[in-house]
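Colleague: Pasting the sequence and the predicted model now:
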Amino acid sequence: MNFLKTLLASAAMVMVSWTAASAADLSGAGSTFVYPVLAKWADQYKKETNIGLNYQSIGSGGGIKQIKAKTVVFGATDAPLTGKDLDESGLAQFPIVMGGIVPVVNVEGVKPGDLVLDGPTLAGIYLGTIKKWSDPAIAKLNPDLKLPSTAIALVHRADASGTTFNFTYYLAAVSPDWKSKVGTNTAVQWPAGLGAKGNEGVANNVAQTRGSIGYVEYAYAKQNKLTFTRLVNKAGKTVSPTAESFQAGAANADWKSQPGYGVILANQPGDASWPITASTWILVPKQPRDAAVLGEALKFFAWSYSKGEESAKALDYIPMPASVVADIEKMWAADIKDPSGKPVYGPTH
């Protein structure tokens with residue numbers, strides 16, 4: 001009997017230990033745009049706290065679906081939800097980091113930063129009206145480049161994507177034809193081209209396809225050594241994708257002007273602004289089923305704001321301004337509560 005009691009007690013201890021370990025891993029899903037920096041932060045946070053992050057890089061649309069279905073602790077999206085959608089879903093939304101979306105190409109003889117495109121030309125390429133790299137519209141922007149007569153192979157996202165939302169938002173802003181024929185959304189009816197899943201899929205397809213063009217978050221262009229282009233911005237200046245140009249693109253953002261801080265950063269004014277700057281937003285329930293676990297997730301994001309800046313900058317992301325972070329943390333305390341009405345994140349936790 002004593003042996004049986006000891007055995008049952010040991011089993012109970014193992015079960016408790018296993019449950020605690022499982023609970024310590026935070027679950028999230030969504031944006032592939034943010035995945036490189038989120039993975040870096042998760043690795044550093046695990047070493048400091050022994051709390052891991054299980055993040056599915058499945059695209060913003062998938063992240064929105066999963067957080068609404070309550071199958072993850074948080075969702076991540078590069079296309080912000082509207083105030084109405086947030087209210088109806090019982091979700092809070094806040095930006096976590098900013099970065100740049102860049103066109104990437106695989107054109108013989110063209111090195112990173114060689115090729116210049118402007119908004120109307122980029123829209124024409126994706127509309128299928130500009131079909132060859134030697135087209136006069138491209139040649140005019142690149143008088144010193146010898147461009148081949150190779151057909152342009154278009155690569156776009158196949159999944160519901162916040163990167164696509166920001167890319168098509170930009171194209172609609174610079175091209176009336178794009179705005180009327182295709183529009184802006186996380187998934188659109190592409191006039192032509194090959195679909196690929198995630199920033200990873202687009203990067204891989206461009207790397208493997210001669211004559212191709214795609215669009216990815218800048219970290220994917222760097223990590224995969226892809227040939228990125230320069231762009232002509234709203235001020236008519238030719239700019240390169242750099243941390244400084246992404247920062248300039250985000251500098252004028254009035255984050256509190258939209259519900260859930262849902263400010264779109266594409267096509268911002270300024271001589272130095274990168275024209276397709278974007279943000280990723282985190283989605284969490286205002287009344288979580290497990291307040292303790294969500295509290296741990298918010299601790300992770302608070303750590304990311306306070307200690308993740310250098311890692312973000314190393315990957316050419318732009319950290320959120322301190323004033324915005326302070327406001328976000330006030331929002332957490334005011335809006336995200338446990339069943340007793342106490343904030344899930346704050347001094348009492």
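Modeller: Thanks, I have the structure now. Numbers count the residues shown, from 1 in each chain.
Colleague: pLDDT score assigned to Ala39?
Modeller: pLDDT, Ala39: 96.
Colleague: same question, Val202
Modeller: Note for Val202: predicted pLDDT of 97.
Colleague: Kindly report the domain assignment for the chain.
Modeller: Taking automatic domain parsing as the criterion, the chain consists of the domains 25-98+279-335, 100-277.
Colleague: First-to-last residue distance for the first one?
Modeller: Between the opening and closing residues of domain 25-98+279-335 lies a distance of 24 Å (Cα to Cα, to the nearest Å).
Colleague: do the last one as well
Modeller: Using Cα to Cα, the span of domain 100-277 from its first residue to its last is 4 Å.
Colleague: want to throw the domains of the chain into TSV with mean neighbour count and distance to Pro343?
Modeller: To be clear about C-beta, it is placed using only N, CA and C from the backbone, and glycine gets the same treatment. Listed next are these as TSV, based on neighbours: other Cβ atoms under 10 Å; distance: least, Cβ to Cβ, whole Å:
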stretch	mean neighbour count	distance to Pro343
domain 25-98+279-335	20	4
domain 100-277	20	18
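Colleague: Output those domains in JSON lines, with distance to Gly341 appended to each entry.
Modeller: Shown next, in JSON lines, are the domains of the chain (distance: least, Cβ to Cβ, whole Å):
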{"stretch": "domain 25-98+279-335", "distance to Gly341": "10"}
{"stretch": "domain 100-277", "distance to Gly341": "22"}
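Colleague: and Lys342, which of those domains is closest to it?
Modeller: Shortest separation from Lys342 across these is recorded for domain 25-98+279-335, at 8.1 Å, computed as Cβ to Cβ.
Colleague: Pull the contacting residues for Leu226.
Modeller: For Leu226, the contacting residues are 104, 106, 112, 203, 206-207, 216, 220, by Cβ atoms under 8 Å, 6 or more residues apart in numbering.
Colleague: Tell me which entries of those residues lie within strands.
Modeller: Among those, the members found in strands (DSSP state E) are 104, 106, 216.
Colleague: Mind putting these into CSV with distance to Gly262?
Modeller: Shown next, in CSV, are these (distance: Cβ to Cβ, whole Å):
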residue, distance to Gly262
Val104, 27
Asn106, 34
Val216, 23
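Colleague: what bits of the stretch 1-150 of the chain have low per-residue confidence?
Modeller: 1-24 (pLDDT under 70).
Colleague: same question, the stretch 201-349 of the chain
Modeller: Flagging of the stretch 201-349 of the chain using pLDDT under 70 yields the residue ranges 347-349.
Colleague: all helices of it, in order?
Modeller: Secondary structure of the stretch 201-349 of the chain (DSSP state H, counting those that start in this stretch): helices at 218-223, 243-250, 291-307, 309-314, 322-335.
Colleague: again with the stretch 51-200 of the chain
Modeller: Going by DSSP H, counting those that start in this stretch, the stretch 51-200 of the chain shows helices at 60-68, 83-89, 119-127, 136-141, 162-174, 176-181, 198-208.
Colleague: So for Ala333, which of these sits nearest?
Modeller: Taking Cβ to Cβ, helix 83-89 is the member of the helices of the stretch 51-200 of the chain nearest to Ala333, at 17.5 Å.
Colleague: Which strands and helices lie in contact with the closest one?
Modeller: Using 3 or more Cβ pairs under 8 Å, 6 or more residues apart in numbering; DSSP states H and E, the elements in contact with helix 83-89 are strand 91-106.
Colleague: Sheet partners, orientation included, of the strand it packs on?
Modeller: Looking at strand 91-106 with DSSP bridges, its partner strands are strand 212-217 (antiparallel), strand 227-228 (antiparallel), strand 277-285 (antiparallel), strand 318-319 (antiparallel).
Colleague: Any idea which of these gets closest to Ser31?
Modeller: When those are compared by Cβ to Cβ, strand 277-285 sits nearest Ser31, at 5.0 Å.
Colleague: what is the orientation angle of that closest one with helix 60-68?
Modeller: Orientation check (axes from the mean of the first three to the mean of the last three Cα atoms, to 10 degrees): strand 277-285 against helix 60-68 gives 20 degrees.
Colleague: Who are the contact partners of Ala39?
Modeller: Tyr55.
Colleague: did I read that right, it in a helix?
Modeller: Yes: Ala39: assigned to a helix according to DSSP: H, G, I helix; E, B strand; the rest coil.
Colleague: what separates it from Pro143, distance-wise?
Modeller: To Pro143, Ala39 is 41 Å away according to Cβ to Cβ, to the nearest Å.
Colleague: same thing with Gly270?
Modeller: Where Pro143 is concerned, Gly270 sits at a distance of 26 Å (Cβ to Cβ).
Colleague: Please apply the same query to Pro339.
Modeller: Pro339 sits 66 Å away from Pro143, going by Cβ to Cβ.
Colleague: and if you look at Lys132?
Modeller: Distance of Lys132 to Pro143, computed by Cβ to Cβ: 17 Å.
Colleague: can you check Trp41 too?
Modeller: Counting by Cβ to Cβ, the gap from Trp41 to Pro143 is 43 Å.
Colleague: and what of Gly59?
Modeller: 38 Å.
Colleague: residues in contact with Val110?
Modeller: When the contact criterion is Cβ under 8 Å, 6+ apart, the partners of Val110 are 145, 147, 227.
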